[in-house]
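Chemist: Need coordinates for the following:
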Amino acid sequence: MSDEIQMWTGNTGLEYYFYVYPRHPEIPSRKGLYIYTGKNADGNWAPLYIGYGDLSIRANNDCSLVARIDIKGATHVHLRLNPNAADGLHEVADLLERYQNAFEPLGCNFREPDQGKQLVPFESGSPGQPHCVPDVLAASRSPEKEESFSVSSEALNTKAGK
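Modeler: I've put the predicted structure just below:
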């Protein structure tokens, strides 16, 4: 069970709360956001990859991405439940807009040259999908919608089938 919670603020000003785990946590299959991180020289969390999909898989179905995350020095993964793919991808886009260092060369998120900076990663667990899809953050989400979904540490730590 993770007791550490990290707040990440999106470009829209919305705050997203994530549970902090060492790399490779065993958790049940649930949809949500994940941020591979490491500490920077100031001791603050630095995002290395921001994605959405099955939290039990995360980036593990893409060996090339895992290798890049390893090379960048990720020590932890921050997890946030969000079963709604559209909302989850909006949150990823919001975070990527703010944390540009998650894009290569500092991070591991890809940015297509002709699309500018407005890209989000594919949903993990979707074989054959490209690494990025066009930005889905057409309009800012309301803070009321943000409060409609709560995360429990127990939910993330409950083994599937128990």
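Chemist: For this structure, which segments count as strands?
Modeler: 5-9, 15-22, 31-39, 45-54, 76-81, 119-121, 123-124, 132-134 (DSSP state E).
Chemist: So which of the ones you listed is nearest N60?
Modeler: strand 123-124 (8.1 Å; Cβ to Cβ). For the C-beta atoms, the positions are set from N, CA and C on the backbone; glycine is no exception.
Chemist: what pLDDT, on average, does the closest one get?
Modeler: Strand 123-124 shows a mean pLDDT of 50.
Chemist: Quick one: list the elements packing against the longest helix along the chain.
Modeler: Secondary structure assigned by DSSP state H gives helix 85-98 as the longest helix of the chain. Contact partners of helix 85-98 among helices and strands, from 3 or more Cβ pairs under 8 Å, 6 or more residues apart in numbering; DSSP states H and E: strand 15-22, strand 31-39, strand 45-54, strand 119-121, strand 123-124.
Chemist: between it and strand 15-22, what angle do the directions make?
Modeler: Between helix 85-98 and strand 15-22, the angle comes out at 90 degrees (axes from the mean of the first three to the mean of the last three Cα atoms, to 10 degrees).
Chemist: Of all the residues in helix 85-98, which ones are buried?
Modeler: Residues of helix 85-98 classed as buried: D87, G88, L89, H90, E91, V92, A93, D94, L95, L96, E97, R98 (neighbour count, 16 or more other Cβ atoms under 10 Å).
Chemist: rank the helices and strands packed on helix 85-98 by pLDDT, which is bottom?
Modeler: Among the helices and strands packed on helix 85-98, strand 119-121 carries the lowest mean pLDDT (a mean of 45).
Chemist: Mind putting the helices and strands packed on helix 85-98 into CSV with distance to V66 and mean neighbour count?
Modeler: Listed next are the helices and strands packed on helix 85-98 as CSV, based on distance: least, Cβ to Cβ, whole Å; neighbours: other Cβ atoms under 10 Å:
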stretch, distance to V66, mean neighbour count
strand 15-22, 15, 17
strand 31-39, 9, 22
strand 45-54, 10, 24
strand 119-121, 13, 24
strand 123-124, 11, 20
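Chemist: could you dump the ones you listed to JSON lines with distance to I69?
Modeler: As requested, the helices and strands packed on helix 85-98 are exported to JSON lines (distance: least, Cβ to Cβ, whole Å):
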{"stretch": "strand 15-22", "distance to I69": "14"}
{"stretch": "strand 31-39", "distance to I69": "5"}
{"stretch": "strand 45-54", "distance to I69": "6"}
{"stretch": "strand 119-121", "distance to I69": "12"}
{"stretch": "strand 123-124", "distance to I69": "12"}
